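S.K.: Model the structure of this input:
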Amino acid sequence: MGRELLILCTSDPLSMQSALLKEYPNKMLVTVTQCVFSTVQSFVVAVVAEKDFSKWNLRLDISLIAIVYTVLLAFVFFFLLN
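M.R.: Residues are numbered from 1 along each chain as shown. You can find the predicted model right below:
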């Protein structure tokens, strides 16, 4: 059941995106909408998976540095490609 749900959650938005782009050609709006819904979906899965909210605290360690590095790298690629 878990594997099928994972496949559905990752492939379904991509197949819907092509149909959505035919109706609404604004690629940026479609991408932002997909990211918002993916964030909400990930939050719901995270709440179900980890019920101990004390583990949700951010600490200054390699995990936080990796997150900040990834965000900065994404911004650099975004501005270089546009």
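S.K.: Check the burial of the closest residue to residue 50 other than its chain neighbours by counting its neighbours.
M.R.: Of all residues not flanking residue 50 in the chain, residue 56 sits nearest, at 7.2 Å (CB to CB, 6 or more residues apart in numbering). Glycine gets a C-beta too; all of them are placed from N, C-alpha and C. Neighbours of residue 56 under the rule other CB atoms under 10 Å: 9.
S.K.: ok, now residue 20?
M.R.: 16.
S.K.: Tell me which helix or strand it sits in.
M.R.: Element membership for residue 20 (DSSP states H and E) is helix 2-23.
S.K.: what about the strands in this protein?
M.R.: Counting by DSSP state E, the chain has no strands to list.
S.K.: ranges for the helices of it?
M.R.: 2-23, 27-49, 62-81 (DSSP state H).
S.K.: Where does the prediction get shaky in this structure?
M.R.: 1-14, 82 (pLDDT under 70).
S.K.: now with 80?
M.R.: 1-27, 30, 56, 58, 81-82 (pLDDT under 80).
S.K.: Need the distance between the two termini of stretch 52-62.
M.R.: End-to-end span of stretch 52-62 (CA to CA, to the nearest Å): 21 Å.
S.K.: Cool, thanks, talk later.
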